[in-house]
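Colleague: how does the following fold in three dimensions:
(chains A and B)
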Amino acid sequence: KQEVTQIPAALSVPEGENLVLNCSFTDSAIYNLQWFRQDPGKGLTSLLLIQSSQREQTSGRLNASLDKSSGRSTLYIAASQPGDSATYLCARLTGGGNKLTFGTGTQLKVEL
Amino acid sequence: SQTIHQWPATLVQPVGSPLSLECTVEGTSNPNLYWYRQAAGRGLQLLFYSVGIGQISSEVPQNLSASRPQDRQFILSSKKLLLSDSGFYLCAYQTGRDTEAFFGQGTRLTVV
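Modeller: Next comes the predicted model:
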């Protein structure tokens, strides 16, 4: 059974700090990995999709990497801002590319 | 451009009452459609997914059912709600297998 783990569960940092969120998964099936953010009471916003053939993707201050051999993905946030405060979720595509298996998320708080 | 609409945003229903949540996608044809539930303090659980009209796969046995009467419409239903059906329900779509997933804004269901 595919499992996705996110560490840490919660993180509080001062504004301007660079930070790394971790995501690990158990199987080696070659499928994509997607990062989302969720604001309280809201739906999920897609941040980055890393194709199985890629090692990383970048969007603005966000950079996500994928290491299939170690079963890990990291989301790097540069120069964090209070507006980055949210829960960050990673998800692996499984079931032949038709299902997302989610981690339990990292709740990030960026303080002034 | 593609958009996903989900309604209602919030719903309070008595135990034993029926349920119908609707999700529609615009701007793409034959999307993969999904219903997820997010219970308080827990991760996202895939309930149903559909790769085409009339094709519904159920991930977990439960008090709920799903239907896809039109290409871009996905409905989550129950004949009689239970207290345990309370949660945050999210609809999502992909334009195809192994592609980026996009989510609606969610429905907060409280069964009383």
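
Colleague: for the rest of this, base every contact and every neighbour count on C-alpha atoms.
Modeller: Fine.

Colleague: which element is the most centrally placed residue in chain B on?
Modeller: Centroid-nearest residue in chain B: residue B:35, 3.1 Å away (criterion: CA atoms, centre = their mean). Taking DSSP states H and E as the definition, residue B:35 sits inside strand B:32-38.

Colleague: tell me the mean pLDDT for that strand?
Modeller: When pLDDT is averaged along strand B:32-38, the result is 95.

Colleague: mind listing residues that contact it?
Modeller: Strand B:32-38 has contacts (CA atoms under 8 Å, 6 or more residues apart in numbering or on different chains) with A:98, B:44-52, B:74, B:76, B:87-97.

Colleague: please pick the buried ones from these.
Modeller: Buried by 16 or more other CA atoms under 10 Å in any protein chain shown: A:98, B:44-52, B:74, B:76, B:87-97, out of the contacts of strand B:32-38.

Colleague: what lines up beside the strand holding residue B:35 in the sheet?
Modeller: Strands that pair with strand B:32-38, judged by DSSP bridges, come out as strand B:44-52 (antiparallel), strand B:87-94 (antiparallel).

Colleague: from the chain's centroid, how far away is that strand?
Modeller: 5 Å (CA atoms, centre = their mean, to the nearest Å).

Colleague: please apply the same query to stretch B:71-81.
Modeller: Its chain's C-alpha centre lies 7 Å from the corresponding centre of stretch B:71-81 when counted by CA atoms, centre = their mean.
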